[in-house]
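In: Give me coordinates for this.
(3 chains)
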Amino acid sequence: MAHQQRISVATRGRGSIDIGAEVAQVVRASGIDTGLCHVFVQHTSCSLTITENADPTVRRDLDTVFARLAPDGDPAYLHDLEGPDDMAAHARSVLSGTALSVPVGGGRLLLGTWQGIFLWEHRTRGSLRHLVITLTA
Amino acid sequence: MAHQQRISVATRGRGSIDIGAEVAQVVRASGIDTGLCHVFVQHTSCSLTITENADPTVRRDLDTVFARLAPDGDPAYLHDLEGPDDMAAHARSVLSGTALSVPVGGGRLLLGTWQGIFLWEHRTRGSLRHLVITLTA
Amino acid sequence: MAHQQRISVATRGRGSIDIGAEVAQVVRASGIDTGLCHVFVQHTSCSLTITENADPTVRRDLDTVFARLAPDGDPAYLHDLEGPDDMAAHARSVLSGTALSVPVGGGRLLLGTWQGIFLWEHRTRGSLRHLVITLTA
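Out: Presented below is the predicted three-dimensional model:
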């Protein structure tokens, strides 16, 4: 039987927030020993990613790379009603993804030593982001 | 017990097609209340993505962004037997992904208000694309 | 009940390695008929991808595309302690993803004819990469 829980995370503008503790808490609450933990964000201008958790410059550099791949205010964008960061945020969300899955074993997330789980806000203004965490066994 | 169903979607050349209704139909047929819905496309030159479903210019802009990241007919490509869009399509498929998973709760897909599920054709010529939809609970 | 198995793969520097046979072996060992096969790599400088398995130039071209999207030794990178390929590898890992899921039906992976499963090393030096394969039904 799947276990499912919703959480909300307030972002403070562009950048990434470590949500590993919140996800681990849901894993513990599920009581599941072996299976999958799926994390999903119900928005199209932020994303979820697993990356290096030790040196915060890695995540600043990721913002730099994504700013080149999908720049703010690109004159080619047709969709610009909500400002120069709007379409850039949608594109970065597609490139990094709105869902991720981590294996669960022995009742805990089987992340590597240097892997962290991050909610990545791509809009310049923060907002309340809603996530659904589902465990299947 | 997992529920699995295959569907085929005819594409009409480069661009994205909303397949949300087809996926929702499989979710209903499964009778699953809480779990995961996994959608997989059995090809390497199209992809699946979740993005904004309200303004179609978002998806046109995504094509613009991807055309820059992996341009057609790039002279650096070694793989060009099937034409200038061939390798570009493989690269765009890797960047956007051939699978996605959406949580299911209360018997329905837990998408956000502005999220749609799209099959994204990256070849200039359309074809019949085969998908496998799997629900686990 | 989920089935889970760990495997390790030695990489020999930047490039992709077909791990389809190893994954298929775990699927067989699981005895699962219908469900999902989830593959996860416990590192942040390599990735997993599904792409064309017939012509090896496709994967060489993917390396070319990714080398443009996240170049080695970019002067904008702040994170460069481990050499010019370090941050580039983290960015390529985020762009291509550290997990993938393939549907299982009739006891086997439901890959398309031209789809292969690849471990993609993004560091210039190879290392032993640890993976977790989880099957849910």
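In: Now for the residue in chain A that chain B sits nearest to: which residues touch it?
Out: Nearest residue of chain A to chain B, counting by Cβ to the nearest Cβ: A:Gln42, 3.1 Å away. For the C-beta atoms, the positions are set from N, CA and C on the backbone; glycine is no exception. Going by Cβ atoms under 8 Å, 6 or more residues apart in numbering or on different chains, A:Gln42 touches A:Arg129, A:His130, A:Leu131, A:Val132, B:Leu110, B:Leu111, B:Gly112, B:Thr113, B:Gln115.
In: A:Trp120 versus the residue minimising distance to the centre of chain A, what's the distance?
Out: In chain A, the residue lying closest to the centroid (Cα atoms, centre = their mean) is A:Leu48, at 1.8 Å. When distance is defined by Cβ to Cβ, to the nearest Å, A:Leu48 is 7 Å away from A:Trp120.
In: list the residues that contact both of these two?
Out: Residues touching both A:Leu48 and A:Trp120 by Cβ under 8 Å, 6+ apart: A:Ser96.
In: wait, A:Thr11 sits on A:His130?
Out: No - using Cβ atoms under 8 Å, A:Thr11 makes no contact with A:His130, being 11.5 Å away.
In: Show me what A:Phe118 is bridged to.
Out: On DSSP bridges, the residues paired with A:Phe118 through beta bridges are A:Asp18, A:Thr49.
In: Can you read off the pLDDT for the nearest residue to A:Leu100 once chain neighbours are set aside?
Out: Distances taken as Cβ to Cβ, 6 or more residues apart in numbering or on different chains place A:Leu48 nearest to A:Leu100, at 4.8 Å, with adjacent residues excluded. At A:Leu48, the pLDDT value in this model is 98.
In: Am I right that A:Leu48 is in contact with A:Val23?
Out: No - look at A:Leu48 against A:Val23 with Cβ under 8 Å: they stay out of range, at 9.8 Å.
In: which residues do these two both contact?
Out: The contact sets of A:Leu48 and A:Val23 overlap at A:Val39, A:Ile117 (Cβ under 8 Å, 6+ apart).
In: Name the residue of chain A that lies nearest to chain C.
Out: Counting by Cβ to the nearest Cβ, chain A gets nearest to chain C through A:Gly112 (3.1 Å).
In: Now do the same contact list for the residue nearest to A:Leu100.
Out: By Cβ under 8 Å, 6+ apart, A:Leu48 lies in contact with A:Val39, A:Phe40, A:Val41, A:Ser96, A:Gly97, A:Thr98, A:Ala99, A:Leu100, A:Ile117, A:Phe118, A:Leu119, A:Trp120.
In: which SSE is the first one in?
Out: Per DSSP states H and E: A:Val39 is located in strand A:35-41.
In: ok, now the last one?
Out: Taking DSSP H and E as the definition, A:Trp120 sits inside strand A:115-121.
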